[in-house]
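**Q** model this:
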Amino acid sequence: MASWQAKHRDPLFDQSTQAALERRLKEAIGAGLIVLGALIAMMLGSWSPDDPSFGSATDAPAQNMLGGAGAMIASALVMIAGMGAWMLVVAAWVWGLRLMLHKGEDRLMRGIFTPLAVALASIYASTLVPGPGWQQNYGLGGHFGDMMMGAMLNLLPMKAQLGIRVAALLVALALVAAGAFVLGFDRLELRGLWMRFRRGLGTAGQGAMAAGGAAAAGVARLRRPRAIRPRARGRGPQGAAQARPAPGIRAGIRHARTRADRTRHRFRHRRPLGRGGARPHQRRDPVQHCEILGPEGRGAAPGT
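**A** Have a look, this model is predicted:
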């Protein structure tokens with residue numbers, strides 16, 4: 001029996017090129033998921049009950065950002081899941097970032113359970129009280145959330161007011177667990193998030209304590225009576241003592257004042273120079289007083 005041996009063929013790309021192409025493909029898929037999440041967010045954010053949809057027929061133009069098609073899809077999502085439909089946006093963005101950053105991309109298969117997280121988010125939203133702008137005949141969780149919450153209240157052996165709070169707590173815990181699983185978190189990432197959360201709480205607590213202490217100090221300072229202001233420098237005995245210079249400087253100032261007084265007294269009582277016995281109060285031409293007196297005229301009396 002003849003056997004045919006297939007020839008070994010070299011691959012079109014080597015291993016490094018294949019790995020690079022796979023990474024680029026994952027990044028492209030991640031970017032597409034981010035764009036898809038943005039489109040869903042635009043549809044849900046611009047949803048209006050007056051837009052044409054499956055439950056309402058109107059000739060008015062659609063107010064949705066994506067037109068009539070966006071209005072139809074948003075109306076269906078809100079009618080079924082209510083505010084729980086926003087879980088689709090969260091899942092698309094988280095997995096898009098994971099694929100683009102190559103973190104946890106090996107857990108991508110968990111995204112199949114995204115409808116479970118949407119259902120839990122819808123049930124939890126049905127326990128919230130709608131605002132005054134909500135005019136629909138169903139709650140924030142849509143028809144699905146209202147139906148499931150009603151079934152849970154019938155199973156709980158307690159009053160409706162207490163039962164809805166217990167159900168909300170149980171559904172919230174289940175939503176956190178399912179969300180962590182669906183979004184691809186592992187123990188290491190959860191531990192890191194918990195440590196950051198605790199660190200943030202500690203920082204916020206320290207800031208609040210510091211702000212409270214500063215506020216209390218400010219209030220105490222405002223309630224305290226104003227202290228008497230000290231006298232200005234140079235006024236009163238304390239100001240004079242502060243303005244008094246050092247001993248060495250005082251001695252120099254006193255010596256300079258003494259010399260100035262002596263010089264002023266000498267020039268005030270000095271007789272005018274010249275001949276003829278001029279009186280002290282008379283003024284003469286300074287040119288006439290510039291003559292040099294001989295030795296015989298220094299001690300002569302005036303008029304001789």
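**Q** can you tell me how far the closest residue in space to Trp134 that isn't next to it in sequence sits from Ala85?
**A** Leaving aside its sequence neighbours, Trp134 sits nearest to Leu140 (C-beta to C-beta, 6 or more residues apart in numbering; 7.0 Å). Backbone N, C-alpha and C define where each C-beta goes, glycine included. From Leu140 over to Ala85 the distance is 11 Å, taken as C-beta to C-beta, to the nearest Å.
**Q** of the two, which one has the most company?
**A** Ala85 (24 against 21; other C-beta atoms under 10 Å).
**Q** now do that one, the pLDDT please.
**A** Each residue has a pLDDT score; the one for Ala85 is 94.
**Q** that one contacts Leu44, doesn't it?
**A** Yes: using C-beta atoms under 8 Å, Ala85 is in contact with Leu44, at 6.0 Å.
**Q** overlap in contacts, those two.
**A** Here Ala85 and Leu44 have 77-78 as joint contacts, going by C-beta atoms under 8 Å, 6 or more residues apart in numbering.
**Q** quick one: the residue nearest the centre of the chain and Arg196, what's the gap?
**A** The structure's the chain has its C-alpha centroid closest to Ala204; by C-alpha atoms, centre = their mean the separation is 12.5 Å. Distance, Ala204 to Arg196, using C-beta to C-beta: 12 Å.
**Q** OK, contacts around Met209?
**A** If you count contacts by C-beta under 8 Å, 6+ apart, Met209 has none.
**Q** what helix or strand is it on?
**A** helix 187-223 (DSSP states H and E).
**Q** show the pLDDT at Phe113.
**A** Confidence score, pLDDT, at Phe113: 94.
**Q** identify the residues contacting the closest residue to it other than its chain neighbours.
**A** In this structure, Phe113 finds its nearest non-sequential neighbour in Val182, 5.1 Å apart by C-beta to C-beta, 6+ apart. Applying C-beta under 8 Å, 6+ apart, we find Val182 in contact with 91, 110-111, 113-114, 116-117.
**Q** per-residue pLDDT, Val182?
**A** pLDDT for Val182: 94.
**Q** how about Arg262?
**A** With respect to pLDDT, Arg262 scores 68.
**Q** quick one: least confident helix or strand in this structure?
**A** The weakest-scoring helix or strand in the chain, judged by mean pLDDT, DSSP states H and E, is helix 236-243 (a mean of 50).
**Q** show me where the chain has its helices.
**A** Taking DSSP state H as the test, the helices found in the chain are 15-45, 67-81, 86-101, 114-125, 142-155, 160-182, 187-223, 236-243, 247-268.
**Q** same for the first one, what does it pack against?
**A** I take that to be helix 15-45. Judged by 3 or more C-beta pairs under 8 Å, 6 or more residues apart in numbering; DSSP states H and E, helix 15-45 is in contact with helix 67-81, helix 86-101.
**Q** so for the first one, what gets flagged as buried?
**A** Same thing as helix 67-81. 70-75, 77-81 (16 or more other C-beta atoms under 10 Å).
**Q** burial check on Leu162, number of neighbours?
**A** Neighbour count of Leu162, defined by other C-beta under 10 Å: 10.
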